[in-house]
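Peer 1: A predicted structure for the sequence below; I have some questions about it.
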Amino acid sequence: MTEALASPYPPRKRLDNIKLIDALKSASNVAEFQRALDAIAENFHPSILSEFDWAEEIAKVTGTPSPGPLNDYITLATIWLNIEVRANQLGLDQESLDSMEAALLNTSGGESIIAAIRELHMPAIDQYVSAKATEVGLEIEAKISEIRNAGRVLKTLNVHLENFHRMLLDLPLTRLDAMVLYRGLNNNLVKVPEPDRDCDAGDWTIQWLNILADYASYAGMAPISALLTDCASRIAWHEVFLREELADGWEAGAGPCGRCAMYFSSMALQTIDTKGEFGGKLYPDSIHIPARVNYTTCPFCGYESPIELPAMFYAPHRHQVVYCLPAMGAMSKDQSIEFFSSAIEDIRTRYAERLTSEERAAFDSASELVTLSWSQFLNAIHMGDTASEHHAVNILHREDGSGILFDAMKNVTRELTPGELAEMLDNADPILVLRPVRDEGDPEA
């Protein structure tokens with residue numbers, strides 16, 4: 001895998017940007033206007049362009065109809081028009097405006113704002129987008145090589161394709177062409193549709209990747225076209241779709257980042273039992289809880305957070321079903337049950353379709369436990385209850401700060417992140433901590 005690329009457009013700071021522009025629009029005299037321009041000059045970065053529909057802003061000032069959102073390099077001219085309108089209202093002459101423009105852009109007075117930004121930023125964007133397409137292609141190949149369930153392959157592929165398309169919709173200077181492609185796909189992001197039941201899934205995927213590549217090229221989206229062509233040729237799709245169909249509860253979805261508010265797609269476990277990722281590795285009828293399950297990383301700003309969505313865990317040996325109904329601090333237990341009732345019914349129906357008649361009867365008669373957050377859900381999977389219970393566990397403490405919890409009483413092993421382990425050690429009852437054995441030659445052994 002390649003090292004993650006740093007975007008030439010850093011995470012956007014919405015409140016800071018709003019303050020900069022509000023100061024410009026609310027200036028009541030020349031001194032305030034100059035200070036506002038100085039603040040923009042000091043903090044200017046093209047990421048500020050994505051925060052506003054400048055065509056809407058200028059319509060408010062001039063009273064002219066808004067043409068709607070514009071591509072950023074076109075919108076730059078509208079920004080300067082906004083500045084000119086405010087300057088004229090304050091009685092500034094053209095010579096003062098010219099000097100302000102030159103100072104704002106750090107360019108000679110004869111260069112236009114459009115030419116300056118295109119010259120400064122287009123090469124960086126082209127280089128970044130090209131490198132990002134290569135990185136995404138390698139990540140797709142690596143992820144798919146790890147998946148043992150053929151049904152999850154297309155979902156994983158599409159998550160990466162959709163997020164790459166979203167990135168190009170967000171980046172200045174690529175947005176216009178990316179929107180043309182989006183509109184051409186009937187207001188959809190780039191993705192491969194589910195194959196027909198009577199066709200070969202490998203042939204279907206290769207064919208659709210090539211069709212989408214041609215369409216992206218026609219729309220002017222060479223980076224997406226190159227990524228799709230690369231995926232079609234580099235990945236052995238016929239072998240991928242011959243993999244064993246294991247019990248699999250992974251689903252794809254999209255939602256906003258909790259920090260930068262950008263929408264992106266991700267994969268999450270929604271239907272869980274002891275046959276898949278949560279199956280015990282050490283002894284029968286045991287449960288293994290992996291670390292960072294249903295955590296996602298925003299491809300725009302790198303923020304990592306848990307995915308809060310309705311989910312179900314079934315432990316046949318406990319004869320118990322545990323539900324996650326994320327209340328998000330806004331709903332009571334009864335309200336959560338009512339709000340997520342149809343989602344849970346759908347999850348139960350899809351899971352029951354995998355079972356034999358005997359297994360389905362046991363599943364239908366199992367006891368039910370409701371939790372209201374993902375962390376509470378994982379704890380309930382571990383303990384079998386939401387009530388607090390005191391007993392000793394063993395922990396293998398790795399040198400990187402993470403750990404593995406062994407609970408013989410509950411028949412559970414649980415992977416712990418450094419943060420989870422530190423919190424557990426701070427708040428827990430008596431715990432036996434097992435540290436890694438060092439080499440004999442290690443002076444600390």
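Peer 2: Nice, I can see it. Residues are numbered from 1 along each chain as shown.
Peer 1: where does this protein dip in pLDDT?
Peer 2: 1-18, 41-83, 85-86, 97, 100-125, 172-173, 245-248, 280-283, 428-445 (pLDDT under 70).
Peer 1: tell me the centre residue of it?
Peer 2: residue 298 (3.6 Å; CA atoms, centre = their mean).
Peer 1: got a list of what that residue touches?
Peer 2: Contact analysis of residue 298 by CB atoms under 8 Å, 6 or more residues apart in numbering lists 257, 259, 260, 262, 264, 304, 305. Any C-beta I mention is one placed from the backbone N, CA and C, and that applies to glycine too.
Peer 1: From the residues you listed, list just the buried residues.
Peer 2: For the contacts of residue 298, a neighbour count by 16 or more other CB atoms under 10 Å gives the buried set as 257, 260, 262, 264.
Peer 1: you'd agree the third one is up against residue 170?
Peer 2: The one in question is residue 262. Yes - counting by CB atoms under 8 Å, residue 170 is a contact partner of residue 262 at 6.7 Å.
Peer 1: which residues do the two both contact?
Peer 2: Joint contacts of residue 262 and residue 170 (CB under 8 Å, 6+ apart) are residue 300.
Peer 1: Can you read off the backbone torsions of the closest residue to residue 401 other than its chain neighbours?
Peer 2: Ranked by CB to CB, 6 or more residues apart in numbering and with sequence neighbours excluded, the top spatial neighbour of residue 401 is residue 418, at 3.2 Å. For residue 418, the backbone dihedrals (degrees, to the nearest 10) come out as phi -50, psi -40.
Peer 1: got the contact list for residue 418?
Peer 2: Contacts of residue 418 by CB under 8 Å, 6+ apart are 400, 401, 402.
Peer 1: All the helices of the stretch 251-400 of the chain, residue numbers only.
Peer 2: Here the stretch 251-400 of the chain has its helices, by DSSP state H, counting those that start in this stretch, at 333-339, 341-352, 357-365, 374-383.
Peer 1: Could you dump the ones you listed into JSON lines with distance to residue 290 and mean neighbour count added?
Peer 2: Output for those, formatted as JSON lines (distance: least, CB to CB, whole Å; neighbours: other CB atoms under 10 Å):
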{"stretch": "helix 333-339", "distance to residue 290": "25", "mean neighbour count": "14"}
{"stretch": "helix 341-352", "distance to residue 290": "19", "mean neighbour count": "14"}
{"stretch": "helix 357-365", "distance to residue 290": "23", "mean neighbour count": "11"}
{"stretch": "helix 374-383", "distance to residue 290": "10", "mean neighbour count": "20"}
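Peer 1: mind putting the ones you listed in a markdown table, distance to residue 291 included?
Peer 2: Formatted as a markdown table, the helices of the stretch 251-400 of the chain follow (distance: least, CB to CB, whole Å):
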| stretch | distance to residue 291 |
| --- | --- |
| helix 333-339 | 26 |
| helix 341-352 | 23 |
| helix 357-365 | 27 |
| helix 374-383 | 10 |
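Peer 1: What ranges does this protein have for its strands?
Peer 2: Assigned by DSSP state E, the strands in the chain fall at 250-256, 263-269, 271-273, 287-289, 295-297, 304-306, 311-315, 320-324, 367-371, 394-397, 403-407, 412-416, 432-434.
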